[in-house]
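>>> Here is a sequence together with a model predicted from it:
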Amino acid sequence: ATNRTFTMIKPDAFGAGNAGAILKMIEEAGFKIISLKATRLNKELAGEFYKVHQERPFYSDLCQYMSSGPIIAAILEKDNAVADFRELIGATNPENAAEGTIRKLYATSIEANAVHGSDSDENASIEGSFFFNAFEQVS
Ligand code: CMP
């Protein structure tokens, strides 16, 4: 079924000037951009977005990193969007990411891993609504 996922182009990739190339890969893989903005998280907002990870040892560094520069947030639509997008981006750790994936091409570390992709339909909806209001999510 056609459904949606949520992505961020993270500060490392956006700062390095790779946003255009990454969005091109996303569109060429068949994803339709529903909502798109450049914005910036502060530490508090990054902490809220990633609160499911608050007990993890990397949480504080992650919030620092995600607020270190501007990002791009986007809602994407496609058949099987969540799973297909995770395949397009590759493993969290770029050392384990398959050839041709976004993280293999553009990530620099397990933390600065270029892009985020939602891990479920439910989280895609929650994460999309973190950045976009209802009328911004209309296709
Ligand atoms: P993301 O898919 O956005 O979800 C959580 C993020 O935490 C992840 O990408 C990485 O940026 C970061 N992350 C996950 N695991 C680790 C780890 N072991 N060490 C440092 N950062 C991590």
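That came in fine, so what should we check first?
>>> Quick one: name the residues of the chain near the ligand.
Within reach of the ligand by CB under 6 Å from any ligand atom, the chain has these residues: 53, 58, 62, 92, 110-111, 113, 116. The way it works is simple: take the backbone N, C-alpha and C, and place the C-beta from them, glycine included.
>>> try it again with 5 Å
Residues of the chain lying close to the ligand (CB under 5 Å from any ligand atom) are 58, 62, 110-111, 113, 116.
>>> Please, a PyMOL command that selects the buried ones among those?
What follows is the PyMOL syntax selecting those of the residues of the chain next to the ligand that are buried according to 16 or more other CB atoms under 10 Å:
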select buried, resi 62+111+113+116
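>>> Next one: Gly17 from Phe132, what distance?
Applying CB to CB, to the nearest Å, the value for Gly17 to Phe132 is 24 Å.
>>> again, but for Asn123
Counting by CB to CB - Asn123 and Phe132 are separated by 15 Å.
>>> Pick out whichever of those two has more residues nearby.
With neighbours defined as other CB atoms under 10 Å, Asn123 and Phe132 compare such that Phe132 has more, 19 against 15.
>>> Pull up the distance across stretch 113-130, start to finish.
Start-to-end span of stretch 113-130 (CA to CA, to the nearest Å) is 21 Å.
>>> and that stretch, what's its mean pLDDT?
Stretch 113-130 shows a mean pLDDT of 98.
>>> try stretch 78-97
98.
>>> chain center to that stretch, what's the gap?
Averaging C-alpha positions (CA atoms, centre = their mean, to the nearest Å) puts stretch 78-97 10 Å from its chain's average.
>>> Since that was my last question, I'll sign off now.
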